[in-house]
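Peer 1: Any chance you can model this:
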Amino acid sequence: MPEGVVITGIGAVSPLGWGVGALREGLFAGRSGLGPVTRFDTSAFRSNLGGEVLSRSDEDTNATAGDTTLAERYLLAAVREALSDSGAPGDGTALVVGTNFGGMPAAERALAGEGGPDLSRYEFRDQADRVARELGLTGVTVAMSLSCASGTATIVEALDLVRSGRAERVVAAGYDELSLYAFAGLSALRAISPDGMRPFDRRRNGTVFSEGAGAVVVEPEGAARGRNAKVYVSLLGGALNNDGYHMTAPEKEARGIRALMAAALADAGVEPAEIDHVNLHGTGTKYNDLIETKAIKAVFGERARSIPVTANKGALGHAMGAAGSLETIAAVLSIRNGKVPPTLGLEEPDPECDLDVVTGSAREATIRTVLKTSYGIGGTNAAVVLRAREGESKMGERSADKMERFQAGGHEEELARMVDDVEREREGELRGALGKKARADIMAAIKTEILRRFAEAHPDVKVRFLTGPYVDPDAPRGTRGRKR
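Peer 2: Model prediction:
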């Protein structure tokens with residue numbers, strides 16, 4: 001039986017903030033990263049809405065010496081975070097990037113004679129090479145552009161590189177930047193909503209474009225075990241195809257999308273009945289959501305109306321080349337946290353899109369296997385299948401069990417999930433710890449990181465650990481050190 005492939009690191013930059021933590025907290029809390037575009041003048045267009053990444057003044061926003069585009073900075077930050085999270089070495093690591101527009105603002109400024117980055121910064125391959133050099137990645141470098149399926153397509157390509165032995169491990173990353181050129185072109189296609197994202201709502205009238213980057217580290221399971229790396233999920237399979245129908249219009253009967261889903265499931269060795277959750281493309285356009293619904297019904301039959309699904313674009317906007325990457329990370333977080341984030345903007349369900357779309361607030365669920373799909377202009381389609389590690393598909397239940405171990409001002413459930421996240425992020429270090437002192441040092445570092453994350457979300461709330469490995473010295477009597 002072929003060796004399994006796993007995801008060992010994730011990194012994100014999105015309209016919800018810098019880092020996976022901001023993405024996780026924002027999605028599960030039902031926060032929107034969308035608003036009026038401030039970077040350029042939108043008065044000539046039918047909408048001024050977008051999802052901009054707020055600036056951040058630290059080393060993550062700076063690439064190599066010289067002026068750079070925001071797109072390259074987002075890409076660098078996401079890849080750097082994923083590598084750090086994974087603990088993977090740069091030596092032997094390949095990089096696969098996907099984008100719609102690459103460094104288009106560099107081309108805009110150069111052609112207008114405004115100076116700034118050299119025109120070559122627009123080239124997709126140049127940005128990939130620069131990031132690889134910056135981070136010391138010595139494996140192959142691949143740049144691809146499959147429209148809005150680009151992010152998910154990089155993960156399918158990474159899976160193929162690892163399976164075939166052409167790469168020891170791969171960072172797969174999608175990225176894009178909101179620019180005047182991109183905004184004008186997408187407005188000309190009449191794809192932009194004038195009043196907001198409403199995936200699967202009967203009033204939906206277009207999408208809202210955004211920006212950012214997402215990255216995942218993909219490697220053989222044996223290699224991950226060999227270096228005591230944590231494993232987020234197994235990457236069971238994936239597929240790419242093309243509708244072969246029209247340059248911009250979707251194929252109305254969803255033949256290409258249905259074939260894509262079937263191919264991804266077959267590649268993963270998974271039956272439709274095994275899928276617990278689908279992370280949808282969900283652009284909020286009239287045809288996309290209807291056609292995607294048709295495809296889900298065709299593939300899953302009667303189960304289509306009972307599988308919880310979500311469209312992250314309601315919160316993130318359509319991040320173009322980064323969309324599939326960020327949404328795949330969201331699917332990973334759903335598996336790890338045992339819940340599905342809500343679809344923002346869906347208030348009046350379209351009776352023709354009668355799927356079990358999660359709305360309102362995040363829904364607790366036992367999630368073992370997830371299908372993630374992405375589609376793009378020109379008929380490009382990509383999908384991946386993810387699965388929880390054995391025994392890790394009921395994160396919500398284990399988190400609930402931990403809630404009695406501490407006091408957190410009414411935020412015990414949220415803190416429990418942070419404990420789960422941090423413990424699993426550091427599990428490789430714990431397995432490799434030699435001696436009680438080394439283990440105690442790691443446990444102290446874990447507690448510090450848990451408290452840091454909680455303080456970011458709730459700076460005025462004091463946490464007290466009552467039982468378990470992080471018990472506080474001032475815990476009430478009768479609880480300190482008590483075994484559950």
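Peer 1: And for residue 439, the neighbour number?
Peer 2: 15 (other C-beta atoms under 10 Å). C-beta coordinates here come from the backbone N, C-alpha and C atoms, glycine included.
Peer 1: An error on my part: the question was meant for residue 113.
Peer 2: When counting by other C-beta under 10 Å, one arrives at 6 neighbours for residue 113.
Peer 1: what distance separates stretch 258-267 from the centre of its chain?
Peer 2: 21 Å (C-alpha atoms, centre = their mean, to the nearest Å).
Peer 1: brain fart, stretch 15-33
Peer 2: Remark: stretch 15-33 is offset 10 Å from the chain centroid, using C-alpha atoms, centre = their mean.
Peer 1: Name the residues of it that come out as buried.
Peer 2: Of the residues in stretch 15-33, 15-28, 30, 32-33 count as buried by neighbour count, 16 or more other C-beta atoms under 10 Å.
Peer 1: Residue 298 touches residue 259, doesn't it?
Peer 2: No. Applying C-beta atoms under 8 Å as the test, residue 298 and residue 259 come out as separate, 10.1 Å apart.
Peer 1: just checking, which of the buried residues of stretch 15-33 belong to helices?
Peer 2: Cross-referencing the buried residues of stretch 15-33 against helices under DSSP state H gives 20, 21, 22, 23, 24, 25, 26, 27, 28.
Peer 1: give me every residue that touches the nearest residue to residue 148 once chain neighbours are set aside.
Peer 2: What sits nearest to residue 148 in space, not counting adjacent residues and going by C-beta to C-beta, 6 or more residues apart in numbering, is residue 376, at 3.8 Å. When contacts are counted by C-beta atoms under 8 Å, 6 or more residues apart in numbering, residue 376 touches 146, 147, 148, 149, 150.
Peer 1: After the helix or strand of the chain with the lowest mean pLDDT, heading C-terminal, what element do we hit next?
Peer 2: In the chain, no helix or strand scores lower on mean pLDDT, DSSP states H and E than helix 395-402, which sits at a mean of 47. Next helix or strand after helix 395-402 toward the C-terminus (DSSP states H and E): strand 406-407.
Peer 1: For residue 151, which residues are in contact?
Peer 2: Residue 151 sits next to 98, 173-174, 214, 319, 321-328, 374 when contact means C-beta under 8 Å, 6+ apart.
Peer 1: repeat for residue 15
Peer 2: 33, 34, 51, 52, 53, 54, 210, 211, 212, 316, 317, 319.
Peer 1: Doesn't the fifth one belong to a strand?
Peer 2: What that stands for is residue 53. No. Counting by DSSP: H, G, I helix; E, B strand; the rest coil, residue 53 is not part of a strand but coil.
Peer 1: re the thing from before, output the contacts of residue 15 as a markdown table; include the columns pLDDT and distance to residue 187.
Peer 2: Below are the contacts of residue 15 laid out as a markdown table (pLDDT from 0 to 100; distance: C-beta to C-beta, whole Å):
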| residue | pLDDT | distance to residue 187 |
| --- | --- | --- |
| 33 | 96 | 20 |
| 34 | 97 | 16 |
| 51 | 96 | 15 |
| 52 | 96 | 16 |
| 53 | 96 | 20 |
| 54 | 89 | 23 |
| 210 | 97 | 15 |
| 211 | 97 | 16 |
| 212 | 97 | 20 |
| 316 | 98 | 19 |
| 317 | 97 | 15 |
| 319 | 97 | 17 |
